[in-house]
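*Asks:* Sequence first, then the predicted structure:
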Amino acid sequence: MAKTIVAGNWKMNLTISEAQKMVADLVSLGPCPEDVTGILIPNFVALKTVADEIKGTSYKLGAQNMSSEDQGAFTGEISWDMLTDVGASYCIIGHSERRTIYLENNSQIEKKLKKALASGITPILCVGESQEKREAGEAKKRVEGQIHRATLGLKEEDVKKIIIAYEPLWAIGTGAAASPEDAEDMCKTIREWIRKGFGDEVADQLSILYGGSVKPENIQSFLEKEDINGALVGGASLKAKDFYALCQEVSHEN
Ligand code: 13P
């Protein structure tokens, strides 16, 4: 069965002291429900602070990006062993802001994904279409292309370790989330592509997240859908009480 995941992508927000306070507040509100994987994804310089603050809790740590190289002359990059060393076990790969603002292409994303898998870091592969592509009726074609390229040549046991996040660009940071029906339609299609390529076992246990203007008030409407197993949350993950509420909302413990 697919795991329920709430991942908070802080993007370029929160200084070290703000991050420390956010996580201390979060931990003081209570534990992450046992049936939910709650992942905090701060900026690089706050990783160590967050790692220290979540020690002894069940919250997990992730990074927003990583290099496809091991080490060396790659100014401004962060390697897998630096992430592992600081305690990050997840990494976002191919976020749309990396694709559109920093022109990361499918080939770079494919390399990063393979490096994450080879180094034991769980990749959160982001895919999604622009408004333009959606209006042109090409949303599925675009997302299928992104998934196809990223998973090229991978074996079933590799794909089993990937989390896929469907984040339509037009829903990110706009306050206008996709409708749960549209999000489900894409997430179901993603699961069927994975089924076709890698079989039932991989498809059935794949966690597919929806991302784009998710908040405590609407997260349940997405998680109610059969093929949406969690959320990748930006803005609403920055405040302790909101992130706590997001994790509580999707738990079956309550
Ligand atoms: P928002 O939740 O702020 O729309 O951001 C979504 C996102 O890009 C998470 O990776």
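*Replies:* Noted; the coordinates are in hand.
*Asks:* drop to CA atoms for contacts and neighbour counts, all remaining ones
*Replies:* Fine.
*Asks:* Can you report how many residues neighbour E217?
*Replies:* 11 (other C-alpha atoms under 10 Å).
*Asks:* how would you label it: helix, strand or coil?
*Replies:* coil (DSSP: H, G, I helix; E, B strand; the rest coil).
*Asks:* How about D25?
*Replies:* helix.
*Asks:* Number of residues surrounding it?
*Replies:* So D25, with other C-alpha under 10 Å, has 16 neighbours.
*Asks:* pLDDT score for it?
*Replies:* pLDDT recorded at D25 is 98.
*Asks:* was I right about it contacting D242?
*Replies:* No. Counting by C-alpha atoms under 8 Å, D242 is not a contact partner of D25; they are 11.0 Å apart.
*Asks:* How many residues are close by L117?
*Replies:* 18.
*Asks:* what does G30 give?
*Replies:* G30: 11 neighbours (other C-alpha under 10 Å).
*Asks:* quick one: it and I54, what's the gap?
*Replies:* Relative to I54, G30 is positioned 12 Å away (C-alpha to C-alpha, to the nearest Å).
*Asks:* With L152 instead?
*Replies:* 35 Å.
*Asks:* who has more neighbours, those two?
*Replies:* Under the neighbour definition other C-alpha under 10 Å, L152 and I54 were set side by side, and I54 has more, 18 against 11.
*Asks:* Show the contacting residues for N229.
*Replies:* A2, K3, T4, I5, S207, I208, L209, Y210, L223 (C-alpha atoms under 8 Å, 6 or more residues apart in numbering).
*Asks:* just D242 next, same as before
*Replies:* Applying C-alpha under 8 Å, 6+ apart, the residues near D242 are K215, P216, A236.
*Asks:* rerun at 7 Å
*Replies:* P216, A236 (C-alpha atoms under 7 Å, 6 or more residues apart in numbering).
*Asks:* Give me the pLDDT for it.
*Replies:* The model's pLDDT for D242 equals 98.
*Asks:* try N254
*Replies:* N254 is given a pLDDT of 65.
*Asks:* Spell out which residues of the stretch 101-250 of the chain are next to the ligand.
*Replies:* Within reach of the ligand by C-alpha under 6 Å from any ligand atom, the stretch 101-250 of the chain has these residues: I172, G173, G211, G212, S213, V214, L232, V233, G234, G235.
*Asks:* does the residue nearest the centre of the chain sit in a helix, a strand or a coil?
*Replies:* Centroid-nearest residue in the chain, with C-alpha atoms, centre = their mean: I124, separated by 4.3 Å. Look at I124: counting by three-state DSSP, its state is strand.
*Asks:* thought it was touching I92?
*Replies:* Yes. If you go by C-alpha atoms under 7 Å, I124 and I92 touch, sitting 4.6 Å apart.
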